[in-house]
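J.: next comes the sequence, and after it the predicted model I'd like to discuss.
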2 protein chains.
Amino acid sequence: MDARRRPGRVTSFDVAERAGVSQPTVSRALSGSSMISEGTRDKVLVAAKELGYFVDERAARLRKGHTGTLATVVICKPGGGARDVNPFSYALLGGICAAAAEQDLEVLVSLQSEDDKLFGHFVERGQAEGLIVIGTTANRTAWDYFRKVGETSEPVAYWGSPLGDLDWVSSDNEAGAQLAADHLVERGCKELVVVGSRTNIQRQFSERVDAFLARAKERGVSARLVEIEPGGARREQGTLATEALLAQDKGFDGIFAVCDALAFGVIDALQSAGRSIPDDVKLVGFDGVPASEMTNPPLTTVEPDLDQAGRLLVEAVTGEGEHPSVRRVPVALTVRGSS
Amino acid sequence: MDARRRPGRVTSFDVAERAGVSQPTVSRALSGSSMISEGTRDKVLVAAKELGYFVDERAARLRKGHTGTLATVVICKPGGGARDVNPFSYALLGGICAAAAEQDLEVLVSLQSEDDKLFGHFVERGQAEGLIVIGTTANRTAWDYFRKVGETSEPVAYWGSPLGDLDWVSSDNEAGAQLAADHLVERGCKELVVVGSRTNIQRQFSERVDAFLARAKERGVSARLVEIEPGGARREQGTLATEALLAQDKGFDGIFAVCDALAFGVIDALQSAGRSIPDDVKLVGFDGVPASEMTNPPLTTVEPDLDQAGRLLVEAVTGEGEHPSVRRVPVALTVRGSS
DNA sequence: CCATAGGTCGCATAGCTATTCAATTTTTTC
DNA sequence: GAAAAAATTGAATAGCTATGCGACCTATGG
């Protein structure tokens, strides 16, 4: 049953002995070196299989001087449990895993509370080729840390729009916001509102806000911004912002929420106030999280291509093609009942 | 700017030289060995800091003979993109990350398509202390592979109920199903239905089904099973099962869906048929995925404690406390509008 | 038949750390 | 003050692989 011969690991020497060759030959045969004859390679392969041998990656990496690993930090809210991470972050993580697998890289994941003192302690130990940061935070210490890592240890890239001098990859926020604006205009909206913010921390949000307002203007439709409280983007903030909006005496018939989580809060507030979606107000979100399908009515939303996002992030960090010129991930509008 | 001295890595020898001690002393000083005097330790610490030294974990692990790493495989649907992973799996992954961090373990994540030929190629290379499997699959090859890994390389544990001889951790399905049954009965339901399956692959589902039916019987309320098509648990299958249910001429006023994804489909079908939730039919799901908050009405659901789940899975694999006696994760009923 | 090139393979070593064991210094004890 | 014990430290090595380089053999060309 438990045949784990942990201490007595099978090494390349064992394989070499069995195959009647030297250890270096085993190494070369298994790594596909062209310097090895077919006959020898077969012998080695057979012996390796018989012994159940696998390369010890620790040693291989030590020798080769690299890690074959990518570190990913998912920033989460302080004190939050496993359920308290933005579903979008998880989905993006999925995209990263897929892209990394394509390049034969492994992915190390670390959930880091926003206020964690030991920010990313593991990353700097030469365990990863690079670091990818997902999730936003206002914690300066965290960003300083990432910057330091980027300068002294390994490449760092984050999901978000330009901020400081770290490498970044983000949604094509301009295109997404334009899609949203065009869509609402085409659905006949005359008075648009964007629920979001312009703080520096959520640069993606401010990009969406600006592009939306600009496009509405282009189309000759009035549009204004309702600011959420800064810091994170949670459902409650969407509710609060919408309540403030309802308290104004200016009318509105179309809302663009800069992320789905906010849109959920908008729905809550609108429905509490007896406004019908989409009859009275049409609504568009951003992100395409799974829950957007489940709202009533289902949420029209701008979905970034996450597989593409993962690929760009991985490339940004591994340096494939050096600083990629394309850092904006294409988006698509998924039209559902809310508009 | 780019001061990465990649090739010329700072080693413990460099620190030793600067501190005027030997390399072993550096190693011991940094690992907190009690064999080192305070004065020496301070010198070493200072030198290490000045040089920006960090232990090369590759070498340390090679020497120590372990990895400090946990591998996690998330099984996903074939051909699915990043968005196509069960949100519950991601949430559970979060719980695992948190638990692993507590034990100073790193977490390697790999998304594996159900039909992947190269199942988990990385795991067996001695890169991890153990392997955790999330997500269900009918793919025998995959399970054979996991079993083989468990027997020959490293401990394997999976999220699910007993099946074969792998270690497992699951929800307390019996308690959860009882909570659901009790709740529906207390809400006045007289004719219960459970939407789920009894296939061997989704053992958790069959446990929930059985416990629900048993509890309903105990409470003197009729209950019957409507089987979904085997293989995965997706929204559409909930819809199909509910349509079949509606086509029967037997009545029902309470439904327990063995997972939230199915419950979502149940909602679709009921509302299409003009049945009101919760007036005509009360509904309870299982899992507590984020989207369950967003349905209309919001879904009452049984939520397993995922932090606990992560902890148990990690313990099962690291052998802390040897085969843990508690493998059932406590659940709680979150009551919302659907009941 | 010899010189040469090309194809294979093994020897020795590097990569960085943690640990065993012996050596040295310091402290304690009588 | 000497002997024993304790506290520190260093020298040497193991852990496993990949690779530079030299050695060997075979086929090729003259």
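T.: It's in. Residues are numbered from 1 along each chain as shown, chains lettered A, B, ... in the order given.
J.: contact residues of chain A facing DNA strand C?
T.: Proximity of chain A to DNA strand C (Cβ under 7 Å from any atom of the strand) is limited to residues A:21-25, A:34-37, A:39-40, A:59, A:62-63, A:65. The C-beta positions use only the backbone N, C-alpha and C, and glycine is treated the same way.
J.: out of the residues you listed, list just those in helices.
T.: Within the residues of chain A next to DNA strand C, residues falling in helices by DSSP state H are A:23, A:24, A:25, A:39, A:40, A:59, A:62, A:63.
J.: against residue B:24, how distant is the third one?
T.: I take that to be residue A:25. 34 Å (Cβ to Cβ, to the nearest Å).
J.: higher neighbour count, the two?
T.: Relative neighbour count places residue A:25 above the other of residue A:25 and residue B:24, with 22 against 12, counting by other Cβ atoms under 10 Å in any protein chain shown.
J.: could I get the pLDDT score of that one?
T.: On the pLDDT scale, residue A:25 is placed at 94.
J.: now do the same contact list for it.
T.: A:16, A:19, A:36, A:40, A:44 (Cβ atoms under 8 Å, 6 or more residues apart in numbering or on different chains).
J.: and if you look at residue A:174?
T.: A:207, A:211.
J.: buried residues in the one helix or strand it maps to, which are they?
T.: Using DSSP states H and E, residue A:174 falls within helix A:173-186. Of all the residues in helix A:173-186, those buried under the rule 16 or more other Cβ atoms under 10 Å in any protein chain shown are A:173, A:174, A:175, A:176, A:177, A:178, A:179, A:180, A:181, A:183, A:184, A:185.
J.: ok, and the closest non-adjacent residue to residue A:90?
T.: Nearest non-adjacent residue to residue A:90, counting by Cβ to Cβ, 6 or more residues apart in numbering or on different chains: residue B:90, 3.8 Å away.
J.: just give me the neighbour total for that neighbour.
T.: So residue B:90, with other Cβ under 10 Å, has 23 neighbours.
J.: surely it and residue A:88 touch.
T.: No - using Cβ atoms under 8 Å, residue B:90 is not in contact with residue A:88, being 10.6 Å away.
J.: distance from the lowest-mean-pLDDT helix or strand in chain A to the middle of the chain?
T.: Least confident helix or strand, chain A: helix A:140-152 with a mean of 79, by mean pLDDT, DSSP states H and E. Distance of helix A:140-152 from the chain centroid (Cα atoms, centre = their mean, to the nearest Å) equals 19 Å.
J.: also stretch A:180-199?
T.: Worked out by Cα atoms, centre = their mean, stretch A:180-199 lies 25 Å from the chain centre.
J.: can you give me the end-to-end distance of that stretch?
T.: 21 Å (Cα to Cα, to the nearest Å).
J.: mean confidence score for it?
T.: Averaging pLDDT along stretch A:180-199 gives 95.
J.: what about the helices in the stretch 151-300 of chain A?
T.: Counting by DSSP state H, counting those that start in this stretch, the stretch 151-300 of chain A has helices at residues A:173-186, A:203-218, A:235-247, A:260-272.
J.: any chance you could list what contacts the longest one?
T.: To tie it back to what came earlier, the one meant is helix A:203-218. Under the criterion Cβ under 8 Å, 6+ apart, residues A:160-163, A:170-171, A:173-174, A:176-178, A:180-182, A:185, A:192, A:194, A:196-200, A:222-225, A:233, A:256, A:258-259, A:286 lie in contact with helix A:203-218.
J.: I'd say residue A:99 and residue A:310 touch.
T.: Yes - between residue A:99 and residue A:310 there is a contact under Cβ under 8 Å: 3.9 Å.
J.: secondary structure class for the residue most central in space within chain A?
T.: Ranked by distance to the mean C-alpha position of chain A (Cα atoms, centre = their mean), the top residue is residue A:92 at 3.4 Å. Three-state assignment for residue A:92 (DSSP: H, G, I helix; E, B strand; the rest coil): helix.
J.: where does pLDDT dip in the stretch 101-250 of chain A?
T.: Counting by pLDDT under 70, the low-confidence segments of the stretch 101-250 of chain A come to A:115-126, A:200, A:231-232.
J.: can you rerun that using 90?
T.: Within the stretch 101-250 of chain A, the segments meeting pLDDT under 90 span A:101-106, A:108, A:110-131, A:135-156, A:160-167, A:198-203, A:229-236, A:249-250.
J.: the closest residue in space to residue A:327 that isn't next to it in sequence: how many residues sit nearby?
T.: For residue A:327, ignoring the flanking residues on the chain, the nearest one in space by Cβ to Cβ, 6+ apart is residue A:169 at 5.0 Å. Per other Cβ under 10 Å, the neighbour tally for residue A:169 reads 26.
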